[in-house]
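[1] make a model of this:
(2 chains)
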Amino acid sequence: MSAFEEFDQERRAIDTLLEQGYQVIRIAEDLDGARVTFTHGGPGQSPVELLLLTADARKHVTTVVFAGRKPAAPIETVI
Amino acid sequence: MADLSIDLAGIKSPNPFWLASAPPTNTGYQVQRAFEAGWGGAVWKTLGEPVINTSSRFAAVHFNGQRVAGFNNIELITDRPLEVNLKEIYETKKRFPNHAIIASLMVEPKQEKWHEIVKRVEAVGVDGLELNFGCPHGMAERGMGAASGQQPDLVQAQTTWVKEVATTPVIVKLTPNITDITVVARHAVKGGADAISLINTINSLAGVDIHSWNTIPNVGGQGAHGGYCGPAVKPIALSMVAECARDRGVGVPISGIGGISTWQDVVEFMLMGSTGIQVCTAVMHHGFRIVEEMIDGLNNYLDDKGLASVTELIGKSVPKYSNWGDLDLNYKVVARINEDNCINCNKCHIACEDASHQCIDMLTNSDGKAILQVREEDCVGCNLCSIVCPADGAIDMVALDSGVAPMTWNQRNQVISGLNGSYSEAEVV
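    You can find the predicted model right below:
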């Protein structure tokens, strides 16, 4: 499987959960990748965890959260 | 025609091209010939207590047919008495009053030593002083040069001593043989430096003769480390100039040095914050007259850009030089192969297959012709294929509009921290 296909599988898993109304509430990164916890506001819905392996998927999930936020204050360049 | 004149911390020069303190500025004869050729300034070969040099002093690294890709020397400061040099400086300044003559100085780190040499040198009419805290060999073993330049407190103290008596602008020349050059630059400024110059040469051993097992160069079979310069060091020098230029704690004009050989190199150093530049190795390789082409090239470039003065270049690229953590992770470029220009050497395929991300396929088109094609979705935009490609115009790196908002590593970490309620990783700077 190509690198893109690996990413695409993980991206579809993320996007499917988001389309179902899940929200990202936690991202824990370690040596094995990123464990992303999703929750749903609906009754009886349990949290779902995805282990993301590809760099592009780990980037994608944070981009989605970042884009959903209000613009943050500019980050001062540390020199 | 644009105005090429510069004013570096009060030192005026008809153009930004100065000779660096080195063998080409050893005598009045040489400096006067350099000024006749068109150089705007010269930093006189370092003055101090006259040394004794070795025989066999230089070595070069030639790479794949290019002579002098890098240059190594174990020569020290001037071996001539101070008074002889001062007489020639006086005569040269008298003959070329509008050219910049800067005296490079190196003495023991003692206040009275600095006071004495500064007073004697300024008395003959130099336009400025450059404190040599960078020479990596010979003098460093005696507590001078890089040995001083690697101790920020000593740089500050010696600069202060010089400023106590100096009446002309003081440039502090920095050694690259240190972890963070901005630390020393800031200490030079704290000591009162009016400007900094960088880089001096890099610790080096040019090579080992695999037949005699002697070092290159060697003095009767014995070698010692020297200072490396020339085109090979330019990226290192440019990076250090950029780091100083964007450091708010430095904030003084920069005289850029390090592998500058062409007018294009000059433009790069000025865009990255240099007010003027210094050249040595290119002159040792090609002679003083290379400045003619540098002047013409710079003039034409400025005219093409519609710039009236070379000073309009200074620092224009500094805001574009940032920290890795502030780069946009969502920016994407991919390689595209132009079949019309591709010579099917397969170097891009080999490089991608062996050293990158295996995304260039060897295919056959409908005409039965062998072609190379990039799978853009798998391409990470590393540039390796375009770097190794020998055919001009065969590979373009093309920016894609992903439609995704920019996000840096630091912003990403903020997102994760916000979610998790604590910092996940240290900010990358």
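[2] that's a strand at B:Val18, yeah?
    For residue B:18 the amino acid is Trp, not Val. Yes - applying DSSP: H, G, I helix; E, B strand; the rest coil, one finds B:Trp18 inside a strand.
[3] can you name the residues of chain B that neighbour chain A?
    For chain B, the contact set with chain A under Cβ under 8 Å from any Cβ of the partner chain comprises B:246-248, B:322-323, B:326, B:329-330, B:357, B:359, B:375, B:377-378, B:404-405, B:407-408, B:410-412, B:414-416, B:418-420, B:424-425, B:427, B:429. Backbone N, C-alpha and C define where each C-beta goes, glycine included.
[4] can you do 6 Å?
    Residues of chain B lying near chain A by Cβ under 6 Å from any Cβ of the partner chain: B:246-247, B:329, B:377-378, B:404-405, B:407, B:410, B:412, B:415-416, B:419-420, B:429.
[5] farthest-apart pair in these, please.
    B:Asp247 and B:Glu377 (40.3 Å; Cβ to Cβ).
[6] so between those two, which is more surrounded?
    Taking other Cβ atoms under 10 Å in any protein chain shown, B:Asp247 and B:Glu377 do not tie; B:Asp247 has more neighbours (18 against 14).
[7] show me where chain A has its helices.
    Assigned helices in chain A, in chain order: A:3-19, A:55-67 (criterion: DSSP state H).
[8] mind giving me the packing neighbours of the last one?
    If you count contacts as 3 or more Cβ pairs under 6 Å, 6 or more residues apart in numbering or on different chains; DSSP states H and E, helix A:55-67 packs onto helix A:3-19, helix B:409-420.
[9] how many neighbouring residues does the residue in chain A that chain B sits nearest to have?
    Nearest residue of chain A to chain B (Cβ to the nearest Cβ) works out as A:Phe4 at 3.9 Å. Here the count is done by other Cβ under 10 Å, and A:Phe4 has 17 residues near it.
[10] that one contacts B:Glu376, correct?
    No - contact between A:Phe4 and B:Glu376 fails when scored by Cβ atoms under 6 Å: they sit 9.0 Å apart.
[11] am I right that B:Gly276 falls within a strand?
    Yes - applying three-state DSSP, one finds B:Gly276 inside a strand.
[12] isn't it right next to B:Ile6, touching?
    Yes - using Cβ under 6 Å, B:Gly276 is in contact with B:Ile6, at 5.0 Å.
[13] quick one: contacts for the closest residue to chain A within the stretch 251-400 of chain B?
    Using Cβ to the nearest Cβ, B:Glu377 is the residue of the stretch 251-400 of chain B that sits closest to chain A, at 3.9 Å. Residues in contact with B:Glu377, defined by Cβ atoms under 6 Å, 6 or more residues apart in numbering or on different chains, are A:Phe4.
[14] now do the SS call for B:Glu88.
    Going by three-state DSSP: B:Glu88 is helix.
[15] show me where chain A dips below the pLDDT cut-off.
    The model of chain A has pLDDT under 70 over residues A:69-79.
[16] and the next helix or strand past the one helix or strand B:Glu292 maps to?
    Assigned by DSSP states H and E, B:Glu292 falls within helix B:290-305. Following helix B:290-305 in sequence order, the next helix or strand is strand B:332-337 (DSSP H and E).
[17] which strands or helices does the helix or strand just after that next one pack on?
    Using DSSP H and E, the helix or strand that follows strand B:332-337 in sequence is helix B:347-355. Helices and strands touching helix B:347-355, by 3+ Cβ pairs under 6 Å, 6+ apart, are strand B:360-364, helix B:384-388.
[18] the first one: partners in the sheet, and parallel or antiparallel?
    Taking DSSP bridges as the criterion, strand B:360-364 pairs within the sheet with strand B:370-374 (antiparallel).
[19] in PDB, list the C-alpha atoms belonging to the partner strand.
    The C-alpha trace of strand B:370-374 is given here as PDB (Å, rounded to 0.1, in the frame of the first residue of the first chain):
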ATOM      1  CA  ALA B 370      10.200   5.200 -21.500                       C
ATOM      2  CA  ILE B 371       9.000   7.900 -19.200                       C
ATOM      3  CA  LEU B 372       9.400   8.900 -15.500                       C
ATOM      4  CA  GLN B 373       6.300  10.000 -13.700                       C
ATOM      5  CA  VAL B 374       5.700  11.300 -10.200                       C
END
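[20] residues touching that strand, excluding its own?
    Under Cβ under 6 Å, 6+ apart, the answer for strand B:370-374 is B:Ala335, B:Ile337, B:Glu339, B:Asn344, B:His349, B:Cys359, B:Ile360, B:Asp361, B:Leu363, B:Thr364, B:Asn365.
[21] give me the nearest residue to the fourth one, chain neighbours excluded.
    The spatially closest residue to B:Asn344, leaving aside those adjacent along the chain, is B:Ala370, at 5.6 Å (Cβ to Cβ, 6 or more residues apart in numbering or on different chains).
[22] B:Ile6 and chain A, how far apart?
    26 Å (Cβ to the nearest Cβ, to the nearest Å).
[23] re the thing from before, give me whichever of the helices of chain A is most buried.
    Mean neighbour count (mean count of other Cβ atoms under 10 Å in any protein chain shown) peaks for helix A:55-67 among the helices of chain A, with a mean of 20.
[24] which elements pack onto the lowest-mean-pLDDT helix or strand in chain B?
    In chain B, no helix or strand scores lower on mean pLDDT, DSSP states H and E than helix B:146-149, which sits at a mean of 85. If you count contacts as 3+ Cβ pairs under 6 Å, 6+ apart, helix B:146-149 packs onto no helix or strand.
[25] next structured bit after that helix?
    Toward the C-terminus, helix B:146-149 is succeeded by helix B:152-165 as the next helix or strand (DSSP H and E).
[26] so what touches that next one?
    By Cβ under 6 Å, 6+ apart, helix B:152-165 touches B:109, B:111, B:114-115, B:118-119, B:133, B:148, B:170, B:172, B:183-184, B:187-188, B:190-193.
[27] which of the residues you listed fall within strands?
    B:Val170, B:Val172 (DSSP state E).
[28] of the contacts of helix B:152-165, just the buried ones, PyMOL syntax please.
    To isolate the buried ones among the contacts of helix B:152-165 in PyMOL, judged by 16 or more other Cβ atoms under 10 Å in any protein chain shown, type:
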select buried, chain B and resi 109+114+115+118+133+148+170+172+184+187+188+190+191+192+193
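[29] so which of the contacts of helix B:152-165 belong to helices?
    Per DSSP H, the contacts of helix B:152-165 map to helices at B:Gln111, B:Trp114, B:His115, B:Val118, B:Lys119, B:Ser148, B:Val183, B:Val184, B:His187, B:Ala188, B:Lys190.
[30] quick revisit: so what's in contact with B:Gly276 and B:Ile6 at the same time?
    Common neighbours of B:Gly276 and B:Ile6 (Cβ under 6 Å, 6+ apart) are B:Pro16.
[31] surely the residue of the stretch 251-400 of chain B closest to chain A is within a helix?
    No - under three-state DSSP, B:Glu377 sits outside any helix and is assigned coil.
[32] before we move on, the earlier item: out of the residues of chain B next to chain A, which is nearest to A:Thr16?
    Distances from A:Thr16 to these, taken by Cβ to Cβ, are shortest for B:Val404, at 18.5 Å.
[33] ok, the closest one touching B:Asn330?
    Yes - between B:Val404 and B:Asn330 a contact is recorded at 4.6 Å, counting by Cβ under 6 Å.
[34] need the max-distance pair from the ones in helices among the contacts of helix B:152-165.
    Pairwise distances across the ones in helices among the contacts of helix B:152-165 (Cβ to Cβ) peak at 30.0 Å, for the pair B:Lys119 and B:Val183.
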